[in-house]
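> Task: produce atomic coordinates for the following.
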Amino acid sequence: MKTVLNDPDLNRLVYNALSFGTAVMLGAFVYFLTQMKSVAKQYQNGVAVSAVVVGIAGYHYYRMWSGWAAGTVNEGYRYADWLITVPLLVIELLIVLGVTADRRKKLMTTLVPATVLMIGLGYPGEVSKNDNTKWLFWVLAMLPFAYILLTLSKELKSAGSRETGAVSASIKNAATILLVTWMVYPIGYLFPVIFAVGNEGAEAARQVAYTIADITAKALYGIMILNIAKARSGDSH
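Residues are numbered from 1 along each chain as shown. Sure, this is the predicted structure:
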């Protein structure tokens, strides 16, 4: 557990960001539930996974927000959220990309463990106060991180090249969000190392950066997944 920031303006900024994150995640949860029947049956699982992702994130954001309001925040909530939702983000993408069942199964057996390894390796460095420890676990976590991004980028590029029209455009949008958003996490992770110890601005920036990235990587990304599913549903009719 850590105490919140002494600067009232920075403290309020993080509090508002966590409140906003909670509202967006829970709102997205309801929205995705209402959209499940708007896509063909074979893609409904992908939309359902999107709903599960933001629902889980909404719960954890509520815990972080209420904790911050009470004077402490448990970083474990964020990592518990990522440990569950990041593998699901990979799964929902594979469902709507149109890869064969065998190929999807093979990708899941490598990508899902890689996501768990990435999050698991990141946590010790996140909570450590030692810069060398932070760097060590950052480097270790970046190995599965790089593998995941390269593999998904390849699959997205392949799917985009074999599709046309709305499906291709939706896949390219999802790829852009995935690649750009995920790069925020390793940068935000290093804020406590890059800036001087006790720099409250750096801590506030880290919390806000993680929140914005989560909103984009879960809620907005889920909308992109929904768009792919809708476009594929239209092509199949």
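
> Please count neighbours and contacts with C-alpha atoms only from this point.
Will do.

> Quick one, grab the pLDDT at Asn173.
Per-residue pLDDT puts Asn173 at 82.

> Same check on Gly198?
69.

> Look up the closest residue to Trp82, ignoring the ones flanking it.
Excluding its sequence neighbours, the residue lying closest to Trp82 (C-alpha to C-alpha, 6 or more residues apart in numbering) is Ile119, at 6.9 Å.

> In the protein, where is pLDDT below threshold?
For the chain, applying pLDDT under 70 flags the ranges 1-3, 197-198, 235-237.

> Now for it: which helix has the highest residue count?
In the chain, assigned by DSSP state H, the helix with the most residues is helix 131-162.

> Please enumerate the strands of this structure.
Per DSSP state E, the chain carries strands over the ranges 2-3, 72-73.

> Tell me the spacing between Phe137 and Ile187.
Counting by C-alpha to C-alpha, to the nearest Å, the gap from Phe137 to Ile187 is 14 Å.

> Next: Lys106.
Separation of Lys106 from Ile187 (C-alpha to C-alpha): 30 Å.

> try Leu93
Distance from Leu93 to Ile187, by C-alpha to C-alpha: 24 Å.

> Neighbour count for these two, which is higher?
A count of neighbours by other C-alpha atoms under 10 Å puts Leu93 above the other of Leu93 and Ile187, at 27 against 14.

> What is the burial count for Gln106?
Actually, residue 106 is Lys rather than Gln. 11.

> swap that for Glu203, sorry
When neighbours are counted by other C-alpha under 10 Å, Glu203 comes out with 22.
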